[in-house]
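> Provided below are the primary sequence and the corresponding predicted coordinates.
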Amino acid sequence: MTKFDEATQAIRVDENTYDVCLDPGYSIGGPLNGGYLMAVVLRAVVDASAHEHPVTTSAQFLRAARPGPARVRLERIKTGRTAEMTRATLLQDGQAFIETLVTTATLTAGAVPDWTDGPSAAMPPVERCVRLPDPRPESNMTLNAQVEMVFDPPTVGWLDGAPSGRPESRAYFRMAEPQDPDPFVLAFAVDALPPVVFSAGARGWAPTVDLTWHLRALPAPGWLTVLGSGRMIGDGWFDEDVEVWDSAGRLVAQSRQLARVGRG
């Protein structure tokens, strides 16, 4: 079991209840990363389902969860031969922190798409990408130690006070501890990039309000390519679209989220 597997582990209490322990290693200055929290919830949903894969997840983030004991409560909405729909709630101290609707199904490993578009942006080779500087210890950015990401240089110009002026973020992604990507890693990856509004000049914590993501294929081993972009920033809100491609050049995940513009 990898560290990520352990950090997202869900222990069955009964058919509708799972105990979890939210890991402090996935903090972004205090709050826990939303993709990590979705992976925790999905562990419970998939364990309770007759189907193996979370093909679509819609999550509403009600408040920032903190590290420590929590519980996932399940409510089956529909059970079918090809898909199952479940409402899953992440709770701490009896209070709901995330509400999700999840559809599980069983995908075929190595399935070839009937048609597919290409990536929305071209990435340079890994060796021409850059790493973000290590965060200051007092920043409590423990998430950085869990992943390895190297970024397309134009999308991290904000680090040196030269944002591109467009909402964008692009990187190669893999877990810091060697681990082949799986659907739970993909749930984490779709929310792992720095907020795309950083490249448009905004700074500060940008809390996600709503995030929907789709598992499109089972990923091949190796680096994931994560491409993020936005369409509109206004009135304190922004959107972020993410596509994830695996090392075999297949689209394996897509997401869209609505979030608040942070205050830097």
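Nice, I can see it.
> Just the pLDDT for the residue lying farthest from the centre of the chain.
Largest separation from the mean C-alpha position in the chain: Arg81, at 27.8 Å (CA atoms, centre = their mean). If you check Arg81, the pLDDT there is 92.
> Check which helix or strand it maps to.
Taking DSSP states H and E as the definition, one finds Arg81 inside no helix or strand.
> Please report how far it lies from Thr106.
To Thr106, Arg81 is 10 Å away according to CB to CB, to the nearest Å. Just so you know, the C-beta spots here come from the backbone N, C-alpha and C atoms, and that holds for glycine as well.
> One more: Val45?
Val45 is 14 Å from Thr106, by CB to CB.
> Which of these two has more residues huddled nearby?
More crowded of Val45 and Thr106, by other CB atoms under 10 Å: Val45, with 25 against 12.
> Just to be sure, the more buried one is in a helix?
Yes - under DSSP: H, G, I helix; E, B strand; the rest coil, Val45 sits within a helix.
> That one contacts Pro54, doesn't it?
Yes - assessed by CB atoms under 8 Å, Val45 is found in contact with Pro54 at 6.3 Å.
> Give me the buried positions along stretch 203-210.
If you call a residue buried by 16 or more other CB atoms under 10 Å, then stretch 203-210 has these buried ones: Ala206, Pro207, Thr208.
> hang on, the first one packs against Ala259?
Yes - shown here, Ala206 and Ala259 form a contact pair, counting by CB under 8 Å, at 5.0 Å.
> Common neighbours of those two, please.
Residues touching both Ala206 and Ala259 (CB atoms under 8 Å, 6 or more residues apart in numbering): Pro195, Phe238.
> returning to that earlier point: what do Val45 and Pro54 both touch?
By CB under 8 Å, 6+ apart, Val45 and Pro54 have these common neighbours: Val102, Thr104.
> Excluding covalently adjacent residues, which one is nearest to Phe4?
Leaving aside its sequence neighbours, Phe4 sits nearest to Met175 (CB to CB, 6 or more residues apart in numbering; 5.7 Å).
> And the pLDDT at that neighbour?
Looking at Met175, its pLDDT stands at 98.
> Report the beta-bridge partners for it.
Using DSSP bridges, the bridge partners assigned to Met175 are Val147.
> contacting residues for it?
Contact analysis of Met175 by CB under 8 Å, 6+ apart lists Thr2, Phe4, Gln146, Val147, Glu148, Pro181, Val185.
> count of residues packed around the fourth one?
As a burial measure, the neighbour count of Val147 was computed by other CB under 10 Å and equals 19.
> Identify the residues contacting the closest residue in space to Pro124 that isn't next to it in sequence.
Distance criterion CB to CB, 6+ apart; nearest residue to Pro124, sequence neighbours excluded, is Asp152 at 6.3 Å. Neighbour list for Asp152: Ala121, Met123, Pro124, Cys129, Arg170, Ala171 [criterion: CB under 8 Å, 6+ apart].
> how close does the closest residue to Ala50 other than its chain neighbours sit to Val20?
In this structure, Ala50 finds its nearest non-sequential neighbour in Glu84, 6.1 Å apart by CB to CB, 6+ apart. From Glu84 over to Val20 the distance is 20 Å, taken as CB to CB.
> Which one of these two is surrounded by more residues?
Using other CB under 10 Å as the criterion, Glu84 and Val20 rank with Val20 on top: 23 against 20.
> Return the list of helices and strands in contact with the helix or strand that contains that one.
Assigned by DSSP H and E, Val20 falls within strand 17-22. When contacts are defined as 3 or more CB pairs under 8 Å, 6 or more residues apart in numbering; DSSP states H and E, strand 17-22 sits against strand 10-14, helix 34-48, strand 68-79.
> could you dump it to PDB, C-alpha only?
Only the C-alpha atoms of strand 17-22 are listed here, as PDB (Å, rounded to 0.1, in the frame of the first residue of the first chain):
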ATOM      1  CA  THR A  17     -21.000   4.200   6.400                       C
ATOM      2  CA  TYR A  18     -17.200   4.300   6.100                       C
ATOM      3  CA  ASP A  19     -14.700   5.800   8.500                       C
ATOM      4  CA  VAL A  20     -11.800   7.700   7.100                       C
ATOM      5  CA  CYS A  21      -8.800   9.700   8.500                       C
ATOM      6  CA  LEU A  22      -8.000  12.900   6.600                       C
END
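> Thank you kindly, that will do.
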